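Participant: Sharing a model that was predicted from the sequence below.
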Amino acid sequence: MSRRTHVDLEHALVEKRYATKAQIVIDNVAPKSLGVIGGRGTAKTTVFMARRSMDVCYDMPGSYLALVSDTYVNAMANVVPTLIDGWKREGWREGIHFVTDKRPPSHFKEPYKPPLSFKHTISTLCGNLFQLGSMDQPSGLAGNSYQHIFGDEARLLKFEKLKRINPAIRGEYARFHTSPYYRGRTFMTDMPNLLSGDEDWIWDMQKEMDPERAQLALQAGMVLNEIKLEMVNAMQAKDKKEFNRVYRHYKQWKEKWYAARKDLTLFYVISTLANADVLTDGYFYDVLASLGPEEFKSAVLSLKVDIKQGEKFYSHLGQHHFYDDGINADFYKDKYSLTDTIQESSLALRYVDHNKKMECGIDFGDMISMVTGQHRGNYIYCLKDFHTLAPESSRELGKQFVNFYKNHKRKELDMYYDRSGNQYRKLKRDWASEVKRSIEYVDGSKTGWTVNLKNVGQGNITQEEEFNFARQLMGEAEKELPKLKIDTFGCKHLKSSLELTKTVVKTDANGTKRIYKDKSSEKLPLASRPLYSTNMSDAFKYFIYRPDFTQYVKRSDTFTGIAPGVY
């Protein structure tokens, strides 16, 4: 972590900063555009993003700055609070250095043009105005002009959507062109994992970097840093003659530093080991134990993930099965301010029919996974996923569902689930009925929901049957089957689980090779399972593998596994 000490030197503001080597490099190169892939615990947002955004504000007072995220809800609920937390650690205070959602106080400088509204904006004492943008509403920024763009978790930002925002990074050349940050981009992210559908366009910033010029900027920045220390020493010694001499030297090197940084891109891959002195070795042992070796390589060591397309269990899953316009961001923009706690609601879903019953697939265990959606016409929509991790269980899952869909008009839910949900009756725990009660009653009060248990008496669905059925459903060759549509943002855990699930081939007792789902990820620590295990994919299996659909598949490929006459 870093600390700043401000020294007001009459002619210039100089800061003493205590930082890691990675932070020192970024601070001293200070390029126009910055791309950072950093492991967990490297403080990408709270230090790198916070410090750089402050420097941009000081260097381009009055500028408009864009802050983008994958969804508007995530920007409001996570990105903005984390950035503000970083500012506070660096010494900024709300009401003195920045304000949110309101007209700034009189001691703040003004932006170069007055905004139409201050709602969902951040104003700084330098006159900067931060406006939010997201991939689920990219047109929200396209109509304005900005002098710099910031993006957190770049692996979640769709490049095609970003291209619609990039033309907005323009304007006021005469006012801001002397700043090396003018028309720059700043993106931070964990290591992209293409196997889970992450975007890896940030690697293109490596191609934009001129290593020799970056080294030159670093060297100039280090020299300038030494000169600043001489200025501090001269000021503390009250030697004004020496201070003025060093200050003239400072101005000369500042010009050289600015020239080296002009139109420069810095791309930097940082492992969590860069912060090892602060985190200590115990942290790495704990994270390795919680993540497992594969995720540890990418999340901590920042190593690329090797992808083998042939290993995917859902081999016909493609980008056309996902949609990213399913959340109406205006619902949250109109209802909440940046500092409010957001309650997600089905009212923000674009493709839900509130007058039609809901459907869900559910998988039980110490992680309960739930995929909710609707079969409408030629499409089956996966609208929102939910999960609980032990010690939370059915009661908490029921509350999640009821709170999210509390404004749904037809409160009827068809629930498809693992046959073990009924078999637990032998152990005096009927999971399916327990979840049913948790949705129909919350804290002892009726919710108005009626849950229909659809799998009483269901036979076993083999993994090979699931594999073949999913292949036909996603391959869209059978016209009688609905087309699958999954909300990218509402079902992010499902998306990741489907894309990460692998096959494993085993030989049965008869010597026949059969396809199985690699379930090893379900041994991961609980905290890692929602995104990285096959649990949510199992909930999806029950959601799609139903008699209404399986009756249309080729019998040579798959069987229903459903007891006849039950439905």
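Facilitator: Structure received. Numbers count the residues shown, from 1 in each chain.
Participant: And the strands in the stretch 151-300 of the chain, which stretches?
Facilitator: 184-189, 265-270 (DSSP state E, counting those that start in this stretch).
Participant: ok, and the closest non-adjacent residue to Arg183?
Facilitator: Leaving aside its sequence neighbours, Arg183 sits nearest to Ile169 (C-beta to C-beta, 6 or more residues apart in numbering; 5.2 Å). Where you see a C-beta, it was placed from the backbone N, CA and C, and this is true even at glycine.
Participant: quick one: pLDDT of the one you found?
Facilitator: In this prediction, Ile169 carries a pLDDT score of 85.
Participant: Can you give me the distance of it to Tyr181?
Facilitator: Counting by C-beta to C-beta, to the nearest Å, the gap from Ile169 to Tyr181 is 11 Å.
Participant: With neighbour numbers in mind, choose between those two.
Facilitator: When Ile169 and Tyr181 are compared for neighbours, Tyr181 comes out ahead with 26 against 19, by other C-beta atoms under 10 Å.
Participant: show me what contacts the more buried one?
Facilitator: The contact partners of Tyr181, taken as C-beta atoms under 8 Å, 6 or more residues apart in numbering, are 30, 32, 55-56, 59-60, 147-148.
Participant: The nearest residue to it once chain neighbours are set aside: how many residues sit nearby?
Facilitator: Spatial nearest neighbour of Tyr181, chain neighbours left out: Val56 (4.8 Å); criterion: C-beta to C-beta, 6+ apart. When neighbours are defined as other C-beta under 10 Å, Val56 has 25 of them.
Participant: Val56 reaches Tyr146, doesn't it?
Facilitator: No: if you go by C-beta atoms under 8 Å, Val56 and Tyr146 don't touch, sitting 11.1 Å apart.
Participant: overlap in contacts of those two?
Facilitator: Counting by C-beta under 8 Å, 6+ apart, the contacts common to Val56 and Tyr146 are 63, 65.
Participant: Could you report the neighbour count for the nearest residue to Arg376 once chain neighbours are set aside?
Facilitator: Distances taken as C-beta to C-beta, 6+ apart put Asp353 closest to Arg376, at 6.2 Å, once the chain neighbours are dropped. By other C-beta under 10 Å, the residues close to Asp353 number 14.
Participant: Asp353 and His375 touch, don't they?
Facilitator: No: taking C-beta under 8 Å as the definition, Asp353 is not a contact partner of His375, at 10.5 Å.
Participant: quick one on the thing from earlier: from the contacts of Tyr181, list just the buried residues.
Facilitator: If you count burial by 16 or more other C-beta atoms under 10 Å, the buried members of the contacts of Tyr181 come out as 30, 32, 56, 59-60, 147-148.
Participant: so what's Cys360 up against?
Facilitator: Residues near Cys360 by C-beta under 8 Å, 6+ apart: 370-373, 401, 413-416, 539, 543.
Participant: mind checking how far whichever strand or helix holds Arg52 is from the chain centre?
Facilitator: Following DSSP states H and E, one finds Arg52 within helix 50-59. Relative to the centre of its chain, helix 50-59 is centred 23 Å away, using C-alpha atoms, centre = their mean, to the nearest Å.
Participant: Domains in the protein, by residue range?
Facilitator: Using automatic domain parsing, the domains assigned to the chain come out as 3-275, 310-550.
Participant: Serialize the ones you listed to JSON lines and add fields for distance to Ala299.
Facilitator: As requested, these are exported to JSON lines (distance: least, C-beta to C-beta, whole Å):
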{"stretch": "domain 3-275", "distance to Ala299": "5"}
{"stretch": "domain 310-550", "distance to Ala299": "9"}
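Participant: and the gap between the residue nearest to Arg183 and Lys163?
Facilitator: Ile169 is 11 Å from Lys163, by C-beta to C-beta.
Participant: Could you do Val99 as well?
Facilitator: In this view, Val99 and Lys163 are 32 Å apart by C-beta to C-beta.
Participant: And Ile37, by the same measure?
Facilitator: Using C-beta to C-beta, one gets 21 Å for the distance from Ile37 to Lys163.
Participant: Let me know how buried the residue lying closest to Arg261 once chain neighbours are set aside is, in neighbour terms.
Facilitator: The spatial neighbour of Arg261 that comes closest, neighbours along the chain excluded (C-beta to C-beta, 6+ apart), is Pro180 at 3.9 Å. Neighbourhood size, Pro180 [other C-beta under 10 Å]: 22.
Participant: mind starting the numbering at 16 from now?
Facilitator: Done: numbering now begins at 16, and the last item shifts to Pro195.
Participant: wait, Pro195 sits on Leu49?
Facilitator: No: if you go by C-beta under 8 Å, Pro195 and Leu49 don't touch, sitting 11.2 Å apart.
Participant: still on that earlier bit, using the three-state scheme, assign the residue nearest to Arg391.
Facilitator: Following DSSP: H, G, I helix; E, B strand; the rest coil, we place Asp368 in the coil state.
Participant: before we move on, back to that, got the contacts of Tyr196 as TSV, with distance to Asn483 and pLDDT columns?
Facilitator: Supplementary listing: the contacts of Tyr196 in TSV, determined by distance: C-beta to C-beta, whole Å; pLDDT from 0 to 100:
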residue	distance to Asn483	pLDDT
Ala45	56	95
Lys47	52	97
Asp70	56	95
Val71	54	97
Asp74	59	95
Met75	58	96
Gln162	54	95
His163	51	96
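Participant: what two of the residues you listed are the furthest from one another?
Facilitator: Of all pairs drawn from the contacts of Tyr196, the one with the longest distance (C-beta to C-beta) is Ala45 and Gln162, at 15.5 Å.
Participant: Met150 against Tyr87, yeah?
Facilitator: No: because the distance of 9.1 Å does not satisfy C-beta under 8 Å, Met150 is recorded as not touching Tyr87.
Participant: got the angle between the top helix by length along the chain and strand 280-285?
Facilitator: Longest helix in the chain, counting residues (DSSP state H): helix 226-251. Using axes from the mean of the first three to the mean of the last three C-alpha atoms, to 10 degrees, the inter-axis angle of helix 226-251 relative to strand 280-285 is 90 degrees.
Participant: any weak-confidence spans in the protein?
Facilitator: Applying pLDDT under 70 to the chain picks out residues 16-34, 153-155, 157, 210-211, 305-310, 320-325, 434-444, 472-474, 569-582.
Participant: Skip the chain neighbours and tell me the closest residue to Met64.
Facilitator: By the measure of C-beta to C-beta, 6+ apart, the closest residue to Met64 outside its immediate chain neighbours is Met203, 5.6 Å from it.
Participant: dump the residue contacts of that neighbour.
Facilitator: Applying C-beta under 8 Å, 6+ apart to Met203 gives the contacts 51, 53, 59-60, 63-64, 166-169.
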